[in-house]
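Peer 1: Sharing a model prediction with you, sequence too.
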There are 2 protein chains.
Amino acid sequence: MTRWEPNARGRLELAALELYRERGYDQVTVAEIARHAGLTERTFFRYFADKREVLFYGSGMLQERIVTAIGDAPEGPPPLDVVGAALESAAEAMDARRDLAWRRQAIVEANPELRERELIKLATLAAAIADALRGRGVADPAASLAAEAGIAVFKIAFRRWVSEDVEQPLATVIRQSLTDLKAVAAER
Amino acid sequence: MTRWEPNARGRLELAALELYRERGYDQVTVAEIARHAGLTERTFFRYFADKREVLFYGSGMLQERIVTAIGDAPEGPPPLDVVGAALESAAEAMDARRDLAWRRQAIVEANPELRERELIKLATLAAAIADALRGRGVADPAASLAAEAGIAVFKIAFRRWVSEDVEQPLATVIRQSLTDLKAVAAER
């Protein structure tokens, strides 16, 4: 018998982040997350494959948004600007989640296995961006370089955005970081 | 009783690469690598902590060379060029090892655990480069951006260099990739 639970995914995520922070990611079980959220394990597994996925389901959505935005971009702008605009548009959905992102980041950074997973997700995202650019007719090495440079911008912007002293929307921080990267690349 | 074995490290590395390729990394034991090299397990452990380290001891040496080159760079050039020159100078030691690098790459790419390890090494290298730049007085975000851009260049250059159709020295491929990145970042 399946009962619909309002915002079950959000409640599970919040419960997981609380428990991971309090007791350490390795010590927490799915049963405990479900109980803490007032839900069943069965409900947990309707939303997440395992306890790690609670921290990484957003990466897949982010990648989908970025790849779609690159595919939908107008003709004309150079590849790195297409990537920058796609990152910005995908970032808009994240501003409402800044507090969650901040808590998640602290948990990921405290755990080597999770840090590895994060690096893999970023490498996968870079490959997907390069593919999307090739799909628009951008040749290599420009496609790979614009993708890797975009990931560099995203990493640094994200780190700044989750740090406590930045209160701007993520898209704004991304745009600024892209401008900074261009300045770094243009220095002679 | 320890007997000195000529070029034990190189023989162990070559034996490991052969066995990993033939039978798959997961299937090979340290005892087999040592036997294949005509050496003892004890000798193996004088050079490598475990069978994975055979594939990654070079990363530590590379990082040390790059960080030293950044520290020794003359005053004046912008951060990204300092990073580029350091990558080039560290790359020179690798040209004699191109065939080994090519074989190693195929093994790493065939194994998810090894691919993860490679990503971690690159992330560690990026952090070390950013630190070395800060040590020269380069402020953030320029230090982080130049480091991440440098890693992007290195990844792409290395991938080109180990591919079969590129016969140039790695340093030349790195220089070309840095020029390409600057062009990608300058497009309007």
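Peer 2: Received, thanks.
Peer 1: Beyond the helix or strand hosting A:Ala157, next helix or strand please.
Peer 2: Using DSSP states H and E, A:Ala157 maps to helix A:142-162. Downstream of helix A:142-162, the first helix or strand assigned by DSSP H and E is helix A:170-186.
Peer 1: what does that following helix contact?
Peer 2: If you take C-beta atoms under 8 Å, 6 or more residues apart in numbering or on different chains as the criterion, helix A:170-186 is touched by A:80, A:84, A:87-89, A:91-92, A:94-95, A:98, A:149, A:152-154, A:156-158, A:160-161, A:166, B:78-80, B:141-142, B:145-146, B:149, B:181-182, B:185-186. Just so you know, the C-beta spots here come from the backbone N, C-alpha and C atoms, and that holds for glycine as well.
Peer 1: Just the buried ones out of the residues you listed, please.
Peer 2: Among the contacts of helix A:170-186, those scoring as buried are A:80, A:84, A:87-89, A:91, A:94, A:149, A:152-154, A:156-158, A:160-161, A:166, B:78-80, B:141-142, B:145-146, B:149, B:181-182, B:185 (criterion: 16 or more other C-beta atoms under 10 Å in any protein chain shown).
Peer 1: Do any residues in the helix holding A:Ala157 lie close to chain B?
Peer 2: Yes: counting by C-beta under 8 Å from any C-beta of the partner chain, chain B has neighbours in helix A:142-162: A:Ala142, A:Ser144, A:Leu145, A:Ala146, A:Glu148, A:Ala149, A:Ile151, A:Ala152, A:Val153, A:Lys155, A:Ile156, A:Arg160.
Peer 1: Contact partners for the fourth one?
Peer 2: Pointing back at A:Ala146 there. A:Pro78, A:Pro79, A:Leu80, A:Val82, A:Val83, A:Ile129, A:Ala130, A:Leu133, A:Val138, B:Val184.
Peer 1: circling back to that earlier point, distance from the chain centre to the helix holding A:Ala157, please.
Peer 2: 12 Å (C-alpha atoms, centre = their mean, to the nearest Å).
Peer 1: And for stretch A:119-129?
Peer 2: That offset, for stretch A:119-129, works out to 11 Å (C-alpha atoms, centre = their mean).
Peer 1: what is the rounded mean pLDDT of it?
Peer 2: Stretch A:119-129 comes out with an average pLDDT of 95.
Peer 1: Which residues outside that stretch are in contact with it?
Peer 2: By C-beta under 8 Å, 6+ apart, stretch A:119-129 touches A:56, A:59, A:62-63, A:66-67, A:70, A:83, A:86, A:146-148, A:150-151, A:154-155, B:115-116, B:119-120, B:123.
Peer 1: what about A:Pro77, distance to B:Arg188?
Peer 2: 9 Å (C-beta to C-beta, to the nearest Å).
Peer 1: Check A:Ala132 too.
Peer 2: A:Ala132 sits 21 Å away from B:Arg188, going by C-beta to C-beta.
Peer 1: So for these two, which sits in the more crowded spot?
Peer 2: A:Ala132 (23 against 6; other C-beta atoms under 10 Å in any protein chain shown).
Peer 1: Show me which residues of chain A sit near chain B.
Peer 2: Counting by C-beta under 8 Å from any C-beta, the residues of chain A near chain B are A:78-81, A:115-116, A:119-120, A:123, A:141-142, A:144-146, A:148-149, A:151-153, A:155-156, A:160, A:177, A:180-188.
Peer 1: Dump the residues of helix A:142-162 next to chain B into JSON lines; add distance to B:Thr172 and pLDDT as well.
Peer 2: What follows is those, written out as JSON lines (distance: C-beta to C-beta, whole Å; pLDDT from 0 to 100):
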{"residue": "A:Ala142", "distance to B:Thr172": "19", "pLDDT": "94"}
{"residue": "A:Ser144", "distance to B:Thr172": "18", "pLDDT": "96"}
{"residue": "A:Leu145", "distance to B:Thr172": "17", "pLDDT": "96"}
{"residue": "A:Ala146", "distance to B:Thr172": "22", "pLDDT": "97"}
{"residue": "A:Glu148", "distance to B:Thr172": "20", "pLDDT": "96"}
{"residue": "A:Ala149", "distance to B:Thr172": "21", "pLDDT": "96"}
{"residue": "A:Ile151", "distance to B:Thr172": "25", "pLDDT": "96"}
{"residue": "A:Ala152", "distance to B:Thr172": "23", "pLDDT": "95"}
{"residue": "A:Val153", "distance to B:Thr172": "27", "pLDDT": "96"}
{"residue": "A:Lys155", "distance to B:Thr172": "28", "pLDDT": "93"}
{"residue": "A:Ile156", "distance to B:Thr172": "29", "pLDDT": "93"}
{"residue": "A:Arg160", "distance to B:Thr172": "35", "pLDDT": "90"}
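Peer 1: any idea which helix or strand of chain A has the worst average confidence?
Peer 2: helix A:98-109 (a mean of 91; mean pLDDT, DSSP states H and E).
Peer 1: List the residues that contact A:Glu187.
Peer 2: Residues counted as contacts of A:Glu187 (C-beta under 8 Å, 6+ apart) are B:Pro78, B:Pro79, B:Leu80, B:Asp81.
Peer 1: distance of it from B:Ala183?
Peer 2: 15 Å.
Peer 1: next one: A:Val82
Peer 2: 15 Å.
Peer 1: Tell me which of these two has more neighbours.
Peer 2: A:Val82 (24 against 14).
Peer 1: Check the secondary structure at A:Val138 for me.
Peer 2: Here A:Val138 is coil, with the state taken from DSSP: H, G, I helix; E, B strand; the rest coil.
Peer 1: residues contacting it?
Peer 2: So A:Val138 contacts A:Pro79, A:Ala146 (C-beta under 8 Å, 6+ apart).
Peer 1: Need the pLDDT of it.
Peer 2: On the pLDDT scale, A:Val138 gets 95.
Peer 1: Provide a list of residues in contact with the residue nearest the centre of chain A.
Peer 2: With the centre of chain A defined as its mean C-alpha position, the nearest residue by C-alpha atoms, centre = their mean is A:Ser59, 4.3 Å away. Shown in contact with A:Ser59 (C-beta under 8 Å, 6+ apart): A:Lys121, A:Leu125.
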